[in-house]
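**Q** Sequence plus predicted model, see below.
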Amino acid sequence: MMQSDSRIYVAGHNGMVGASICRLLQKIGFSNVITRSSVELDLRNQSAVNEFFETEKPEFVFLAAAKVGGIYANNTYPAEFIYDNLMIEANVIHAAYLNQVQKLLFLGSSCIYPKMAKQPILEEYLLTGPLEPTNQPYAIAKIAGLELCKSYRQQYGCNFISAMPTNLYGVGDNYHSENSHVLPALIRKFCLAKKNGNAEVELWGSGTPKREFLYVDDLASASYFLMQNYNDAESINVGVGEDISISDLAEMIKKTVGFEGEIRWNAKMSDGTPRKLLDVSKLTSMGWSSMIGLKEGIDLAYADFEKKANHVKD
């Protein structure tokens, strides 16, 4: 179990998830959190990662570093998504083993589950059917990370655990016009449409798919909880246990932003997986549950976007 002076490495601390974990650890009172930016340490470089671990000797590792993006980015840069993520997780997990890290938490993604998985999705549904083609390279990389944790546990006795969070959003999100996920993309679209006085907003797909959304600070809370309380080989889902249609989500964000125009759905664009709701009973039975509702989370995310609106890249 982590102590207040434990050496804790948060990989990916500049990302939305890693930053939230760092904020939480600081708030709780952990005084020895280790971070490196991607400029300081390229996690795809095995020798650099090994040297870092040999020098810093972290006792606990939150592996939140990853290359992430929405449907467009996954379709456009599939080689980068599979290569970067495979290299990052393989290098960090192997270095953690070599340097006798006490415990490592690998953060995966709910996209590892089959496209047509029975809903809600249990952890045991992994590898029971085909993946969603639009993010298959990324999903395969995340499945490999999960298997790395299990394999190092089986062969070397490493206490490496993995968690599979649902769709994330919140402070520090990516609002890029091409590389963002659905919720921040919707915030951006409605904000710009309102600012420009547009009569309508075009959204991709039919609006009928259903998705589950977890505020990033809730994931940080769950990550800390699992690091302190979970020690099993099998991965564990992290989510809120309920979902919403993309059309209803769009209406909610439209209202929050104050856009008064119309929504036009472009059904020629891919919907992706029709539904993706995680079964989180395994985690909730341990005593953890999410605290930030969708309406409150969207308000916080919208405020975050407004703060950085002038710096958001096209």
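**A** Thanks, I have it.

**Q** Against Ser162, how distant is Lys142?
**A** Distance, Lys142 to Ser162, using Cβ to Cβ, to the nearest Å: 9 Å. All C-beta spots, glycine's among them, are computed from the backbone N, C-alpha and C.

**Q** joint contacts of the two?
**A** Gly108 (Cβ atoms under 8 Å, 6 or more residues apart in numbering).

**Q** pLDDT-wise, which helix or strand of the chain ranks last?
**A** The helix or strand of the chain with the lowest confidence, counting by mean pLDDT, DSSP states H and E, is helix 71-76 at a mean of 80.

**Q** And the contacts of it?
**A** Contacts to helix 71-76, defined as Cβ under 8 Å, 6+ apart, come from residues Phe81, Thr134, Asn135, Pro137, Tyr138, Glu178, Asn179, Trp204, Ser270, Gly272.

**Q** Determine which two of those residues are furthest apart.
**A** The most widely separated members of those, counting by Cβ to Cβ, are Pro137 and Trp204 (20.2 Å).

**Q** Going along the chain, name the strands of the stretch 201-314 of the chain.
**A** 210-211, 213-215, 236-238, 244-245, 262-266, 275-276 (DSSP state E, counting those that start in this stretch).

**Q** same for the fourth one, what does it pack against?
**A** When contacts are defined as 3 or more Cβ pairs under 8 Å, 6 or more residues apart in numbering; DSSP states H and E, strand 244-245 packs onto strand 210-211.

**Q** Other residues contacting the strand it packs on?
**A** For strand 210-211, contacts defined as Cβ under 8 Å, 6+ apart pick out Thr166, Asn167, Val182, Asp243, Ile244, Ser245, Ile246, Leu249, Pro274, Arg275, Lys276, Leu277.

**Q** try it again with 6 Å
**A** Contacts to strand 210-211, defined as Cβ atoms under 6 Å, 6 or more residues apart in numbering, come from residues Asn167, Asp243, Ser245, Arg275, Lys276.

**Q** Of the strands of the stretch 201-314 of the chain, which is nearest Leu127?
**A** The nearest among the strands of the stretch 201-314 of the chain, by Cβ to Cβ, is strand 236-238 at 15.1 Å.

**Q** Mind giving me the packing neighbours of the closest one?
**A** Judged by 3 or more Cβ pairs under 6 Å, 6 or more residues apart in numbering; DSSP states H and E, strand 236-238 is in contact with strand 160-165.

**Q** Sheet partners, orientation included, of the strand it packs on?
**A** strand 103-107 (parallel), strand 236-238 (parallel) (DSSP bridges).

**Q** so for the shortest one, what's the average pLDDT?
**A** To tie it back to what came earlier, the one meant is strand 236-238. Mean per-residue pLDDT for strand 236-238: 98.

**Q** In space, what's closest to Ser206 - neighbours in sequence excluded?
**A** Nearest residue to Ser206, sequence neighbours excluded (Cβ to Cβ, 6 or more residues apart in numbering): Ala267, at 5.0 Å.
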